[in-house]
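In: Whatever this is, show me its structure:
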Amino acid sequence: MGELRVVPAAPSDLEVVIEILEEVAAWLETKGIDQWPVGSFRRSAAFFAGAIERGEVHLAYVGEDLAGTLRLVATDPDVWSDLADESLYVHSVAVRRSFAGRRLGRQLLEWAEQRAREAAKGYLRLDCVAGNPVLRQYYEDAGFSSAGEVEIEFKVGPGARGKSYRLHRYEKPLRGTGTEGPAAAGGQTAGEADWNEALRAAHPVVAGLRLAWREYRTPVGTDEGGARGERSFGLWTVVDNIVTLLGQLTQEDFERNDERMPYFGIVWPSAEALVMKLLGGPRLEGVKVLDLGCGLGACGFAAAHLGARVTFLDWEPRALEIVRASAREQDLPPEMLEFVVADWRDPPALERFELIIGADLLYEKRNAEAVADFLSRYLQPGGQAWIVDPGRPYARLFPTQARIQGIHLTAREVLVPKGRGPGITLLRMRKPRWRRLHRVQARRAGSAKPPGT
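Out: Here you go, the predicted model:
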């Protein structure tokens with residue numbers, strides 16, 4: 001069996017998380033165990049989508065095979081309201097049946113315990129249905145002690161009637177065991193240090209936002225020995241969810257920033273689909289690439305790891321701060337990367353690019369014309385643009401707007417997102433070379449003289 005690897009789930013992983021949980025729920029039902037009602041996770045998909053955005057849901061891999069999932073949270077007021085001290089709480093531990101009997105459940109609990117120690121928590125806590133003696137024995141064998149029982153009502157979807165469960169709570173103390181780690185400043189152990197400092201150590205803070213490291217990888221080709229190769233890279237992503245970012249946005253900021261929302265803090269499924277498309281494609285050695293509306297820079301870093309010289313452009317300064325922080329962790333020459341804070345509707349002087357890439361740019365009607373105008377200005381003659389979108393209605397306007405600006409649609413391609421979900425459309429655009437382009441510009445400007453002469 002390969003080594004267990006646990007990584008944060010991405011938004012596009014929602015469906016596979018639900019599938020794993022429902023698979024285990026169905027198996028429990030066949031055993032007569034009333035732990036997870038079949039269908040409850042699918043009805044709670046919106047909740048799990050939010051949990052993924054908050055960085056709570058993780059996926060477990062054995063080698064390259066997805067084996068299980070779990071959720072790790074910092075608070076659980078419903079079940080532990082009477083014990084609100086510093087703890088981490090484990091939920092939704094599930095291992096695919098094809099990996100049963102390999103001790104993966106115990107390894108996931110050990111992984112969660114290590115995360116709790118690193119965050120200087122006093123306890124790792126969890127619960128199960130009180131009438132599940134097998135699972136209760138499992139937790140006790142894993143070193144957890146009873147912390148009493150509570151009666152909880154759960155609702156598993158909008159408008160659903162709640163169902164009451166009696167839960168048995170378990171906890172494992174993590175302090176005073178001699179394994180807390182090195183002493184903190186001022187002679188305190190990590191377990192005694194201020195929680196805010198421990199949280200910052202566990203999640204670096206850049207631009208006022210907590211970060212977590214995420215890696216992207218895809219297999220490519222085979223070597224002479226027949227072994228599969230792999231392309232991969234990592235970057236910092238935002239732990240705080242979109243609700244937290246909105247809470248930090250004042251009315252003054254909202255109006256000053258033209259009512260644009262802080263969507264930069266999420267790597268959206270369209271961006272992830274484009275990342276996989278780039279990593280699975282040819283090298284981009286020396287190609288000048290612009291990541292337009294880069295957000296956290298996932299698409300740009302994918303291009304950079306293929307040899308491109310990448311400019312990251314976004315209107316949000318915090319996004320570029322985080323991209324710079326990710327760049328410092330890359331094994332890339334600094335001169336290959338450039339960072340520009342700008343609005344694509346009023347950009348600064350920029351060079352022209354051979355390839356402009358962008359994901360989820362067309363979420364407002366006005367963006368179609370603005371992006372088309374930007375491509376007309378900053379694509380080299382003969383240059384390409386790759387624009388990906390999850391099927392928003394305004395994306396249908398974009399090829400027409402681009403054609404008005406002299407940018408032509410050359411192909412559409414449906415990219416398959418991670419997990420299940422709607423297909424992502426890749427629009428391949430191209431700017432004509434000088435002679436053809438001049439005819440377009442001449443009709444617009446009434447000029448008979450080629451540009452630049």
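In: quick one, helices of the stretch 251-400 of the chain?
Out: Secondary structure of the stretch 251-400 of the chain by DSSP state H, counting those that start in this stretch: the helices cover 251-256, 269-279, 298-304, 317-327, 365-378, 398-404.
In: Next, the buried residues of the longest one.
Out: Which is helix 365-378. Buried residues in helix 365-378, defined by neighbour count with 16 or more other Cβ atoms under 10 Å: 367-376, 378. Any C-beta I mention is one placed from the backbone N, CA and C, and that applies to glycine too.
In: Just give me the closest of those residues to residue 78.
Out: Proximity of the buried residues of helix 365-378 to residue 78 (Cβ to Cβ) peaks at residue 367, which lies at 40.8 Å.
In: Next up, the contacts around that closest one.
Out: For residue 367, the contacting residues are 361, 394, by Cβ atoms under 8 Å, 6 or more residues apart in numbering.
In: follow-up on the earlier one: let me have the buried residues of helix 365-378 in CSV, extended by pLDDT.
Out: What follows is those, written out as CSV (pLDDT from 0 to 100):
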residue, pLDDT
367, 86
368, 88
369, 89
370, 91
371, 94
372, 94
373, 93
374, 95
375, 96
376, 94
378, 96
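In: Out of those, flag the one nearest to residue 300.
Out: Set against residue 300, the nearest of those by Cβ to Cβ is residue 378 (15.0 Å).
In: wait, isn't the closest one in contact with residue 355?
Out: No - with the criterion set as Cβ atoms under 8 Å, residue 378 and residue 355 do not qualify as a contacting pair; they are 11.0 Å apart.
In: Now do the shared contacts for the two.
Out: residue 290.
In: which SSE is residue 164 in?
Out: Counting by DSSP states H and E, the secondary-structure element that holds residue 164 is strand 163-173.
In: And that strand, what does it pack against?
Out: Packing partners of strand 163-173 (3 or more Cβ pairs under 8 Å, 6 or more residues apart in numbering; DSSP states H and E): helix 77-80, strand 123-129, helix 133-141, strand 145-154.
In: ok, 6 Å please
Out: For strand 163-173, the packing partners by 3 or more Cβ pairs under 6 Å, 6 or more residues apart in numbering; DSSP states H and E come out as strand 123-129, strand 145-154.
In: Just name the most buried of the ones you listed.
Out: Of the helices and strands packed on strand 163-173, the one with the most neighbours on average (mean count of other Cβ atoms under 10 Å) is strand 123-129, at a mean of 22.
In: for this protein, longest strand please?
Out: Of all the segments assigned as strand in the chain under DSSP state E, the longest by residue count is strand 209-222.
In: tell me the mean pLDDT over that strand?
Out: Per-residue pLDDT values over strand 209-222 give a mean of 79.
In: cool, stretch 341-356 as well?
Out: Stretch 341-356 comes out with an average pLDDT of 92.
In: Give me the contact list for it.
Out: When contacts are defined by Cβ atoms under 6 Å, 6 or more residues apart in numbering, stretch 341-356 is touched by residues 287-290, 292, 313, 315, 317, 320, 370, 374, 378-380, 383-385.
In: Longest helix in the chain, please.
Out: In the chain, taking DSSP state H as the definition, the longest helix is helix 14-30.
In: Could you give the bridge partners of residue 91?
Out: residue 71 (DSSP bridges).
In: Check residue 6 too.
Out: Residues found in beta-bridge contact with residue 6 (criterion: DSSP bridges) are residue 60.
In: any idea how far it is from residue 16?
Out: According to Cβ to Cβ, to the nearest Å, residue 6 stands 15 Å off from residue 16.
In: So for these two, which sits in the more crowded spot?
Out: For residue 6 and residue 16, the more surrounded residue by other Cβ atoms under 10 Å is residue 6, and the numbers stand at 19 against 16.
In: List the residues that contact the more buried one.
Out: For residue 6, the residues meeting the contact criterion (Cβ under 6 Å, 6+ apart) are 58, 60, 111.
In: cool, and residue 168?
Out: 128, 130, 136, 149.
In: Can you tell me which of the residues you listed is nearest residue 169?
Out: When the contacts of residue 168 are compared for distance to residue 169, the smallest value, 6.8 Å, is given by residue 149; criterion: Cβ to Cβ.
In: Please verify my assumption that that closest one contacts residue 129.
Out: No - assessed by Cβ atoms under 6 Å, residue 149 is found out of contact with residue 129, at 10.2 Å.
In: Can you work out which residues contact both of those two?
Out: A shared contact of residue 149 and residue 129, defined by Cβ under 6 Å, 6+ apart, is any residue touching both; here there are none.
In: and the gap between residue 6 and residue 123?
Out: Between residue 6 and residue 123 the distance is 20 Å, computed by Cβ to Cβ.
In: Repeat that for residue 35.
Out: To residue 123, residue 35 is 22 Å away according to Cβ to Cβ.
In: got it, and residue 171?
Out: 5 Å.
In: what mean pLDDT does stretch 50-63 have?
Out: On average, stretch 50-63 scores 93.
In: Provide the contact partners of it at residue level.
Out: Counting contacts by Cβ under 6 Å, 6+ apart, the residues outside stretch 50-63 that touch it are 1-2, 4-9, 11, 17, 67-71, 73, 108, 212, 239, 241.
In: That stretch: which residues count as buried?
Out: Across stretch 50-63, burial judged by 16+ other Cβ under 10 Å covers 51-60, 62.
In: gap between the two ends of that stretch?
Out: Between the opening and closing residues of stretch 50-63 we find a distance of 27 Å, counting by Cα to Cα, to the nearest Å.
In: same question, stretch 320-337
Out: Terminal residues of stretch 320-337 lie 12 Å apart, using Cα to Cα.
In: Show me what it is in contact with.
Out: Looking at stretch 320-337 with Cβ under 6 Å, 6+ apart, the contacting residues turn out to be 206-207, 235-236, 296-297, 304, 309-310, 312, 314, 339, 341.
In: Need the max-distance pair from those residues.
Out: When the contacts of stretch 320-337 are compared pair by pair using Cβ to Cβ, the two farthest from each other are 207 and 309, 24.9 Å apart.
In: Neighbour count: the two, which is higher?
Out: Here residue 207 and residue 309 are compared on neighbour count by other Cβ under 10 Å; more neighbours surround residue 309, at 20 against 16.
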